[in-house]
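In: generate a structure from the sequence data that follows.
(chains A and B)
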Amino acid sequence: MLCQSCGKREAVVHISQVENGKKTETHLCTVCAEENGAMNLFQVPNFTFHNLLAGFFDPETMFPSSGRVTTKVPVRCPNCGLSFSDFRRLGHLGCNECYETFDNQIEPMLRRLHGSTEHVGKKLNANVDPKADKHLTIKKLEEELQQAVSQEAYEKAAQIRDQIRELKNEL
Amino acid sequence: MEGTGVSLKDIIRKTLSEWMRGTGPENDIVIGSRVRLARNIVGIPFPAVASDDQLKFVANQVEQATKGVAEFLKEKYDFIRLNEVPPLDRQLMVEKHLISPQHTENVKNKAVVLRGDEAVSLMVNEEDHVRIQVLFPGLQLLEAWQLADKVDEVYAKSLNYAFSPKRGFLTSCPTNVGTGMRASIMFHLPALGMMGQTNKVIGTVSQFGLTVRGLYGEGTEALGNIYQMSNQVTLGRSEEEIVHHLANVTQQVLTQERQARQHLLNHRQLKVEDRIWRSYGLLANARLMDSIEAMKLISDVRLGIDLGIVKNLENRILQELLVMIRPAHLQKLVGRELDPNERDIHRSELIRERIKLASNENK
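Out: Numbering: from 1, shown residues only, chains lettered A, B, ... in the order given. Below is the predicted model:
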């Protein structure tokens, strides 16, 4: 049997899915399966999948209440092993990596809880390491310097050069 | 307790946390200001999920970091493993609001860090790996935030915090993510209570994204008219914004409470005076006193002090009493375990003695 995705290689991965009582079978080669994340459904958090497999592990698809296509829910956090249903049951996450693993599910929740999804408060690195901050500034100024030179704005370029020199001396 | 007033004074001195001194701005209404920051360490599961070894690792890291913090800030910071602390002493910390009640359960690998004056405390391996708390007397929210920020930054030198530029500080519960900050005000609202206006004020406040609940007692009933008001939102606002917002709403509540006090003086003076002196009489003379009654009476007398009706007592005495009359403190004072009946006896004795002592001081 040939792979349903590329139609070139031998299909070795066989996936059966039962939806609305209707059984669908998908046959893929290792390369396409790898690409689609079918090989490591249990490890890769943000696997992208073909339309025909969309929502493979979504409870909404497995126990459909409507005909709409919903987003995929990763099964477990690769770092701590917490599942999304654990989170729903316990009300807390397992580790900092859960925030990435379940990002799609957490975002609407944050919007409901806080009316916002983006942090605007205290930043960690800028406060901890002033040197890191200076490196960033230097990098930015160097880009500006290039730009100024290419625009033949030499007076401005000289100013920026002096600024960079000063910052480098401080490091 | 059998001793003279001097020994009681000594015990009180040893028991006092910074926030219990009854000082600070607006201390006729605001008891204390608290800022708490939740922090976690990268890659290690949050305490509810972590293994014993992982929790031990966190505790050891914080212990090491604390040495650095003490050295850097040139202040006394003690790292205390809770399994090495007797249960009664853990309870004392709860009664002083230094740690949460949950932090005294399953104490293996849990720890506390206390600054000498107890204005700064850390809970290690509670809901998050680290919770830094600053508790000041009176309305000093900005000051509390600034100190928490400073302590946080020194810890960040040695602890590898879990932080994402998009979501901020990552916490066990998404309700704390972002700043990880919970700022709160503890205040005493007796006049609003007497006029039956408290629920109206609380209802209004909750429309501003703040939560109000009784500091003591479960559910809606607030014992002793003491409430705690705190921010709900931790994401999408800066720490300063959160603090200013809370301080602004606090000012509104203070205005309401002051107006209610003025109204009582203008329209019901005799009734209010009568109630305050009756409560004073009970506190100064009763032979049995449960904590619910004590809290109600203390609230009345405190109002009496604020209104200038009771002159031989100070606010801070009642502030201390609020903590001293609680079960663990009473048992520590007496030096043995007490059943509830015995506690009522010793509680009344403590209150009588303390009032007598304070009256003598003021003569």
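In: taking chain A, what residue is nearest to chain B?
Out: residue A:116 (2.4 Å; CB to the nearest CB). Bear in mind the C-beta positions are built from the backbone N, C-alpha and C, glycine included.
In: now do the SS call for that residue.
Out: coil (DSSP: H, G, I helix; E, B strand; the rest coil).
In: please name the nearest non-neighbouring residue to it.
Out: The shortest distance from residue A:116 to any non-neighbouring residue, by CB to CB, 6 or more residues apart in numbering or on different chains, is to residue B:236 (2.4 Å).
In: doesn't the one you found fall inside a strand?
Out: No: under three-state DSSP, residue B:236 sits outside any strand and is assigned coil.
In: ok, back up a step: go ahead and confirm the residue of chain A closest to chain B touches residue B:237.
Out: Yes: assessed by CB atoms under 8 Å, residue A:116 is found in contact with residue B:237 at 7.5 Å.
In: the two: who's more crowded?
Out: residue B:237 (23 against 15; other CB atoms under 10 Å in any protein chain shown).
In: contacts only, for the residue lying closest to the more buried one once chain neighbours are set aside.
Out: Among residues not flanking residue B:237 along the chain, residue A:120 sits closest, at 6.5 Å (CB to CB, 6+ apart). Listed by CB atoms under 8 Å, 6 or more residues apart in numbering or on different chains, the contact set of residue A:120 reads B:236, B:237, B:238.
In: pop out the phi and psi values for residue A:120.
Out: Dihedral pair for residue A:120: phi -120, psi 0, per degrees, to the nearest 10.
In: got it, and residue B:130?
Out: Taking degrees, to the nearest 10 as the convention, residue B:130 sits at phi -130, psi 130.
In: and residue B:178, by the same measure?
Out: Backbone phi and psi, for residue B:178 under degrees, to the nearest 10, turn out to be phi 110, psi -110.
In: mean confidence for stretch A:15-30?
Out: Mean pLDDT, stretch A:15-30: 67.
In: end to end on stretch B:112-130, go ahead and measure it.
Out: End-to-end distance of stretch B:112-130 (CA to CA, to the nearest Å): 9 Å.
In: ok, back up a step: tell me the pLDDT of the residue nearest to residue B:237.
Out: On the pLDDT scale, residue A:120 gets 94.
In: centre of the chain to stretch B:127-140, how far?
Out: 9 Å (CA atoms, centre = their mean, to the nearest Å).
In: and if you look at stretch B:354-363?
Out: Distance of stretch B:354-363 from the chain centroid (CA atoms, centre = their mean) equals 25 Å.
In: so which bits of it are buried?
Out: Residues of stretch B:354-363 classed as buried: B:354, B:355, B:357, B:358 (neighbour count, 16 or more other CB atoms under 10 Å in any protein chain shown).
In: the last one is in what secondary structure piece?
Out: Pointing back at residue B:358 there. In this assignment (DSSP states H and E), residue B:358 forms part of helix B:340-361.
In: and that helix, how far from the chain's centre?
Out: Using CA atoms, centre = their mean, the offset of helix B:340-361 from its chain centre is 22 Å.
In: quick check: residues of chain A near chain B?
Out: A:79-80, A:82, A:90-97, A:99-100, A:106, A:109-110, A:113-125, A:127-128 (CB under 8 Å from any CB of the partner chain).
In: sweet, I'm off.
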